[in-house]
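Chemist: Next input, structure requested:
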Amino acid sequence: MSLKIEDFTFPLKVAQKVEETREATSFVFEIPAELKSKFEYQPGQFVSLFLNVNGEELSRSYSLGSSPEADRDFKITVKRVDGGRGSNYLCDHIQVGDSLRVSPPSGHFFKYQGEVKHYVLFGAGSGITPLFSILKYVLKKNPQAQVTLVFANRSEEHIIYRQELQKWAEEHSSRFQIHHLLSQPGTAWELPTSRLTEGWLKAFSKTLDVKPFEIYLCGPDGYMELVKNTLSGCGVPEENIHQESFTTTTSVTNKPATDVDGKTLIGTATPEMEDTYEVEVTLSGETKTFTIDKDSSILEALIEQGENPPYSCMDGGCMACMGKVLEGVVMQEDPGILTQENIDVGECLTCQAKPRARKVKVTYDIF
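Modeler: So this is what the prediction gives:
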């Protein structure tokens, strides 16, 4: 079975277009009543837009800057990329009233934990988008929680959501603190500022209190690597550091645990070649059993059955559709964006995973 874009996306009309900075534009989408349930989302999630640019089909993923606890709007923010066909097309050509094909929200960046009392968010440039969604959610959801945002930009003119952030800081002054780090601040900038350096991070790590805390990173890979490595070196447990990246390729440095004829096998069972397989899938707490033919992926079969599994790119370039193999074994043509660590614990990309045991059990409820 070959899925068409129309099978897993929906047309959404642009209700509002907001110029956040000279380089970043927000788009607010109108969600029809009949699609409300499909476009319910969690803070920190993203959607994928499918564009036709001069006859070429492109897909691009953008985080939601709106928050389910604090906002009625359904908003993404797009930052121009030099030479970027998707971002420049959206900013230059898409206007209020236009419709775009949009996938339902996906992603596992953030999971709310009520016992966490301090959320520390590190963002750079457009990396603020999912973090803004998270901080609004936390401040509304948990009156006891503290939020610290470390936000790196070139100058004050590049600060996305600048006025909104200031408003939230003023309204929650006892619980929300912002550290603006500007590499080229203007002469009119009056707030304290500095560059993000290893020394700055080491000093900052000493201010982390004894309250349970979680750290979230979103920005360029080099930025996130600096933050993660420095904080880990200061004793922050790696399991407390989470990062979001839309890198579409990755390098798997180790050979997959089991590799047959160039195919990646994930699971512990011995592969069996059959025409059809029985697959038991747990999604949002519900478990259902399907019969899937050997050439269909688990994700394709679920969509064909009318289910609503998480997914985005459909080609193994992100982890939105990740599931975990609990029993049996699945086959992927290649590991895609999976790392050896993912494979070792049985995690698969269901958009690529095809059953290869008479009975396969997979759960999406792993985050």
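Chemist: Ramachandran angles for residue 301?
Modeler: According to degrees, to the nearest 10, the main-chain angles of residue 301 amount to phi -60, psi -40.
Chemist: correct me, but it touches residue 290?
Modeler: Yes - with contact defined as CB atoms under 8 Å, residue 301 reaches residue 290; the gap is 5.6 Å. C-beta: built from backbone N, CA, C; applies to glycine.
Chemist: what touches both of the two?
Modeler: With contacts taken as CB atoms under 8 Å, 6 or more residues apart in numbering, the residues that reach both residue 301 and residue 290 are residue 279.
Chemist: can you give me the helices for the stretch 1-150 of the chain?
Modeler: According to DSSP state H, counting those that start in this stretch, the stretch 1-150 of the chain carries its helices in the segments 5-8, 85-93, 128-141.
Chemist: Just send those helices back as a markdown table, with mean neighbour count and mean pLDDT too.
Modeler: Shown next, in a markdown table, are the helices of the stretch 1-150 of the chain (neighbours: other CB atoms under 10 Å; pLDDT from 0 to 100):
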| stretch | mean neighbour count | mean pLDDT |
| --- | --- | --- |
| helix 5-8 | 14 | 74 |
| helix 85-93 | 16 | 94 |
| helix 128-141 | 25 | 97 |
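Chemist: want to throw those into a markdown table with distance to residue 224?
Modeler: Listed next are the helices of the stretch 1-150 of the chain as a markdown table, based on distance: least, CB to CB, whole Å:
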| stretch | distance to residue 224 |
| --- | --- |
| helix 5-8 | 29 |
| helix 85-93 | 20 |
| helix 128-141 | 12 |
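Chemist: closest one to residue 324 among the ones you listed?
Modeler: Comparing the helices of the stretch 1-150 of the chain by their distance to residue 324 (CB to CB), the top pick is helix 5-8, with 21.6 Å.
Chemist: neighbouring contacts of that closest one?
Modeler: By CB under 8 Å, 6+ apart, the list of residues contacting helix 5-8 from outside reads 50, 57, 101, 103, 303, 311, 314.
Chemist: Surely the fifth one and residue 321 touch.
Modeler: Okay, so that is residue 303. No - with contact taken as CB under 8 Å, residue 303 and residue 321 are classed as non-touching, separated by 10.5 Å.
Chemist: of the two, who's got more company?
Modeler: residue 321 (24 against 18; other CB atoms under 10 Å).
Chemist: got a list of what the residue nearest to the more buried one when sequence neighbours are not counted touches?
Modeler: The shortest distance from residue 321 to any non-neighbouring residue, by CB to CB, 6 or more residues apart in numbering, is to residue 311 (4.2 Å). Residues touching residue 311, when contacts are defined by CB under 8 Å, 6+ apart, comprise 8, 103, 106, 299, 303, 320, 321, 350, 351.
Chemist: Residue 283 - how many residues pack around it?
Modeler: Residue 283: 17 surrounding residues under other CB under 10 Å.
Chemist: now residue 187
Modeler: When neighbours are counted by other CB under 10 Å, residue 187 comes out with 5.
Chemist: Equivalent analysis for residue 154, please.
Modeler: Going by other CB under 10 Å, the residues that sit close to residue 154 add up to 14.
Chemist: Distance check, it against residue 198.
Modeler: When distance is defined by CB to CB, to the nearest Å, residue 154 is 20 Å away from residue 198.
Chemist: go on, residue 211?
Modeler: In this structure, residue 211 and residue 198 are 25 Å apart, going by CB to CB.
Chemist: where do the strands sit along the stretch 101-250 of the chain?
Modeler: Ranges of strands within the stretch 101-250 of the chain are 118-124, 146-153, 176-182, 213-218, 241-244, based on DSSP state E, counting those that start in this stretch.
Chemist: And the contacts of the last one?
Modeler: Pointing back at strand 241-244 there. Residues contacting strand 241-244 (CB under 8 Å, 6+ apart): 44, 63, 107, 109-110, 127, 130, 214-218, 224, 227-228, 231-232.
Chemist: repeat that with 7 Å
Modeler: With CB atoms under 7 Å, 6 or more residues apart in numbering as the test, strand 241-244 has contacts from 44, 109, 130, 214, 215, 216, 217, 218, 224, 228, 231.
Chemist: ok, now the fourth one?
Modeler: Contact with strand 213-218 is made by 110, 113, 116, 118-123, 127, 130-131, 134, 224, 227-228, 231, 236, 240-244, as judged by CB under 7 Å, 6+ apart.
Chemist: pLDDT of it, averaged?
Modeler: When pLDDT is averaged over strand 213-218, the result is 94.
Chemist: give me the number of residues near residue 278?
Modeler: Applying the criterion other CB under 10 Å, we find 16 residues in the vicinity of residue 278.
Chemist: got it, and residue 28?
Modeler: 21.
Chemist: now residue 186
Modeler: Counted with other CB under 10 Å, the neighbours of residue 186 add up to 9.
Chemist: residue contacts, it?
Modeler: Here residue 186 is in contact with 155, 156 (criterion: CB under 7 Å, 6+ apart).
Chemist: same thing but 10 Å
Modeler: With CB atoms under 10 Å, 6 or more residues apart in numbering as the criterion, the residues that contact residue 186 are 155, 156, 157.
Chemist: now those residues: which count as buried?
Modeler: When the contacts of residue 186 are checked for burial by 16 or more other CB atoms under 10 Å, the buried set is residue 156.
Chemist: Residue 39 is nearest to which of the strands of the stretch 101-250 of the chain?
Modeler: Relative to residue 39, the nearest member of those by CB to CB is strand 241-244, separated by 19.6 Å.
Chemist: Pretty sure residue 325 sits in a strand.
Modeler: Yes - membership of residue 325 in a strand is supported by DSSP: H, G, I helix; E, B strand; the rest coil.
Chemist: which residue ends up closest to the midpoint of this protein in space?
Modeler: Against the mean C-alpha coordinate of the chain, by CA atoms, centre = their mean, the closest residue is residue 107 at 4.2 Å.
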